[in-house]
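[1] Show me how the following folds:
(2 chains)
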Amino acid sequence: MMKYEPPLEKISVNIRETVVGHGEKALKIGGENTLPFHFFEGSLPNPPGLALEILDTEPENWAPSVLEPFEDVVSDPVKWAKKCVEVFGAEMLCLRLLSADPMGKNGSAEEAAEITKIVADAVDVPLIVWGTDMEEKDAQVLTQVARACSGKNLLLAPLVKGNYEEIAKAAMEHGHAIVAQASMDANLTKELNIALCKFFPPEKIVIDPTASALGYGLEYTFSIIEEIKQFGLADKDKMMQMPILCDFGGDCWRTKEAKENREQGILWEAITGITFILAGANLLILRHPEALKLIKEMVV
Amino acid sequence: MALTGIQIFKLLPKTNCKECGVPTCLAFAMNLASGKAELDSCPYVSDEAREKLAEASAPPIRPVKIGKGVRAATTGGETVQYRHEKTFYNPVLLGAMLGSDIAEADLETKLKTWNALQFERVGLNLRPELIALKDVNGDKDAFAQVAKKIAGTSEFNLILMTENTEVMKAGIEACGFKRPLMYAATAENIDAYAALAKENNLPVTVKADSVEGLIPLSEKLSEMGLKDIVIDSGSREIKQSHQDQVTIRRAALKDGNRALGFPTITFPCEMSSNLDMETLIASTFVAKYGGIVVLSDFAGESLFPLLLERLNIFTDPQRPMTVTEGIYEINNPDENSPVMVTTNFALTYFIVSGEIEGSRIPSWLLIKDSEGLSVMTAWAAGKFAGDDVGMFVKKSGIKDKVKQQELIIPGYAAAIAGDVEEELPGWTITVGPREAAHIPGFLKAK
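    Numbering: from 1, shown residues only, chains lettered A, B, ... in the order given. Next comes the predicted model:
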């Protein structure tokens, strides 16, 4: 019998390492030169980043089982942020600037920047700041946020084809990282990264391929992440070597399967997250603290 | 490993007799290599060549069938490492474990509960396939009795778990007709287990304490003519087990290692003491290369997400999931309820119907066949054109169900409003929201 040698694949390039936040609690994501959990053939210096999300406005229509852990703090984003860190052990937060949503309250960019500053000053963990998902409004909101929180190394999201220039310039000037979002398409992801890298440091870019929940398109996200990782690691494409972020907590908790059963909802979010980590995601934005706990136990 | 045309040519008689229908053996070999011809068309091929060709054309990971009849299930047969390279074919089989000392009444309750765990989705019936019956005390009669009961009164296929030959024999006698999977042949009992598997024509697991340790065992079975093999590398720790799944799949696909070209069996039930963590561990094997996943129990809230994860991961990426064209009733609509229309892409349907359901407003949802495209793509590709949509609404029979004549079309297909109107005289065409999330607000404002 021939001696068995496990077929290992050594990869000579790394996913870029991106730092979010500043000071002692700053977090690094990415940096690996192999696929997720492949400790046997490469190095993965940083476990996946796990952020809990908070809103700058009291949530509407959240399922009771995902509202319950935050019920006492939802009216105050600072208290909400502190509870996530102190009680639920979040090592990163994502603040969603719902107040500025043109489809909702349509608050001003200045107001949104002010709230962000207050939250960013109140906690020492790294902060992702998520705009309104409206291209034009986000150009105003996120540039204001960049200015107001100069030097805090926030992760600003989402930058898309139509607004990346203004926001990235403000981010660069004030020392922030950014999320480049292109929907479910490896080519569009690459195009946007190329455009950004003409003036923006690649190590401060995180890719958002847009994520869908379990049962609602998970397989598309799963495969697009695997493809991007293959391009970045196996094909050594420098424009595909940025860490990948997945934002799906909200989508999970909008499903009727999560709304109708707390335990099922938590597993819905946790399984969605684990599946994306297995595909190659480096940073997850989660909604339920129990889902955070389960995933943490798996990956750390 | 597939052979090239030239390699195949070397195995042919090289007489150019033309009886296969092509002028030369070389041309025939090329056709074989590209799958355009069958070896049986050559009347003169030697038995030796036939065997070599059959072996070479066998899939790199053997598909193994467990069970008989309509509930028979196949695992293995995969040809790629990543689903986007082609597709995965045979969904991971899900099982739960029972001990052979289970009391009869408890067994009945379990079987009843587990049989009821079926879920409907996109016209599919999602359910787990296996019960792993574990010999806990060497009592072969008890083992046989439980096996018989499961085989006779449930729709589950069986894994017979014992390393004791006598107990295994009794189990096979009780449920062999259902083609159970034997678990497990080890270095100690392999001769007896191979004989049993051969005699009863059953799939058999080999278990070792490492991937390397599996090789002599599976080779031994193969030499004895056994083909339906499942492998267990023995690890019960998540990191090692994940590594084993990855390297086994890679060895079979990339190195053509026949001794590892079999589906694997994994045991999250032995890797964690609580069902939530166990479920998450199981989810990693669903995504990454488990062949069979055995849990300690089936519970709805953990099983359903796993079944859906499996459905998602094993969906053919080249073929979108669709729902059937027709009228869907949501929240018990009546003759005054609003009528909406959208495409038959399964995700579109789930998201739209989910939002309508969440709004609690009784509604009619018409699903038009758009070849599985989402609204924006279907509209751009002409699969959701105004006249088609109008014609479909006319023929759908919705007219007989409602008094009012207003049709709400998706915001992304706003451009078809005029054409739909032309096709549906007397109807008001209203353009709805672009995003499904805005549907409840839209319906409430009406």
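[2] Give me the nearest residue to residue 158, chain neighbours excluded.
    If you meant another chain, say so; for now it's chain A. Using CB to CB, 6 or more residues apart in numbering or on different chains and skipping residues adjacent in sequence, the residue nearest A:Pro158 is A:Gln181, 3.8 Å away. Where you see a C-beta, it was placed from the backbone N, CA and C, and this is true even at glycine.
[3] Switch to chain B, please.
    B:Pro180 (3.8 Å).
[4] you'd agree the one you found is up against B:Ile150?
    No: using CB atoms under 8 Å, B:Pro180 is not in contact with B:Ile150; the gap is 9.3 Å.
[5] Between these two, which is the more surrounded one?
    More neighbours surround B:Pro180 than the other of B:Pro180 and B:Ile150, with 31 against 24 (other CB atoms under 10 Å in any protein chain shown).
[6] that older thread, what about the residue nearest to A:Pro158, neighbour count?
    Here the number of neighbours of A:Gln181 (other CB under 10 Å) works out to 22.
[7] same question, A:Leu284
    For A:Leu284, using other CB under 10 Å, the count is 29.
[8] near chain B, anything from the helix or strand where it lies?
    Element membership for A:Leu284 (DSSP states H and E) is strand A:283-286. No: judged by CB under 8 Å from any CB of the partner chain, strand A:283-286 and chain B are separated, with a smallest distance of 13.5 Å.
[9] Could you list the alpha-carbon positions for that strand in CSV?
    Extracted C-alpha coordinates of strand A:283-286, given in CSV (Å, rounded to 0.1, in the frame of the first residue of the first chain):
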residue,chain,number,x,y,z
LEU,A,283,-17.4,39.8,9.1
LEU,A,284,-21.1,39.2,10.0
ILE,A,285,-23.7,41.7,11.2
LEU,A,286,-26.1,39.9,13.5
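[10] Strand partners (parallel or antiparallel) of it?
    Strand A:283-286 has the following strand partners under DSSP bridges: strand A:49-55 (parallel), strand A:245-247 (parallel).
[11] got the end-to-end distance for stretch A:158-170?
    Stretch A:158-170 stretches 14 Å from its first residue to its last (CA to CA, to the nearest Å).
[12] what is the rounded mean pLDDT of that stretch?
    Averaged over stretch A:158-170, pLDDT sits at 97.
[13] mind listing what's buried in that stretch?
    By 16 or more other CB atoms under 10 Å in any protein chain shown, the buried positions in stretch A:158-170 come out as A:158-160, A:163-168, A:170.
[14] For the residues you listed, give me CSV that also has secondary structure and distance to B:Lys68.
    As requested, the buried residues of stretch A:158-170 are exported to CSV (DSSP: H, G, I helix; E, B strand; the rest coil; distance: CB to CB, whole Å):
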residue, secondary structure, distance to B:Lys68
A:Pro158, strand, 52
A:Leu159, strand, 57
A:Val160, coil, 54
A:Asn163, coil, 60
A:Tyr164, helix, 59
A:Glu165, helix, 64
A:Glu166, helix, 65
A:Ile167, helix, 61
A:Ala168, helix, 62
A:Ala170, helix, 66
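[15] B:Asn125 is in contact with B:Gln118, isn't it?
    Yes: B:Asn125 is within contact range of B:Gln118, at 5.8 Å (criterion: CB under 8 Å).
[16] tell me which strands and helices whichever helix or strand comes after the strand holding A:Leu284 is in contact with?
    Using DSSP H and E, the helix or strand that follows strand A:283-286 in sequence is helix A:289-299. Under the contact definition 3 or more CB pairs under 8 Å, 6 or more residues apart in numbering or on different chains; DSSP states H and E, helix A:289-299 sits against strand A:49-55, helix A:262-279, strand A:283-286, helix B:275-287.
[17] and the most centrally placed residue in chain A, what pLDDT?
    Relative to the mean C-alpha position of chain A, the nearest C-alpha, by CA atoms, centre = their mean, is the one of A:Leu245, at 4.2 Å. A:Leu245 is assigned 98 on the pLDDT scale.
[18] The one 3 residues further on too?
    A:Phe248 carries a pLDDT score of 97 in this model.
[19] Could you tell me which residues of the stretch 51-200 of chain B lie near chain A?
    B:82-84, B:121.
[20] Would you confirm that the residue nearest to A:Pro158 contacts A:Val160?
    Yes: the pair A:Gln181 / A:Val160 is scored as a contact, 5.3 Å apart, by CB under 8 Å.
[21] hey, what's in contact with both of the two?
    In terms of CB atoms under 8 Å, 6 or more residues apart in numbering or on different chains, A:Gln181 and A:Val160 are both contacted by the residues A:Leu192.
[22] pLDDT below threshold where in chain B?
    Within chain B, the ranges that satisfy pLDDT under 70 run B:1-2.
[23] care to break it down by domain?
    With domains defined by automatic domain parsing, chain B comprises B:5-57, B:64-313, B:326-445.
[24] tell me the helices in chain A, going along the chain?
    With DSSP state H, the ranges of helices along chain A come out as A:64-67, A:77-86, A:109-122, A:135-148, A:164-173, A:186-197, A:218-229, A:249-254, A:256-259, A:262-279, A:289-299.
[25] is it possible to export these to JSON lines including distance to B:Phe442?
    Below are those laid out as JSON lines (distance: least, CB to CB, whole Å):
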{"stretch": "helix A:64-67", "distance to B:Phe442": "24"}
{"stretch": "helix A:77-86", "distance to B:Phe442": "29"}
{"stretch": "helix A:109-122", "distance to B:Phe442": "26"}
{"stretch": "helix A:135-148", "distance to B:Phe442": "21"}
{"stretch": "helix A:164-173", "distance to B:Phe442": "31"}
{"stretch": "helix A:186-197", "distance to B:Phe442": "29"}
{"stretch": "helix A:218-229", "distance to B:Phe442": "26"}
{"stretch": "helix A:249-254", "distance to B:Phe442": "16"}
{"stretch": "helix A:256-259", "distance to B:Phe442": "19"}
{"stretch": "helix A:262-279", "distance to B:Phe442": "25"}
{"stretch": "helix A:289-299", "distance to B:Phe442": "30"}
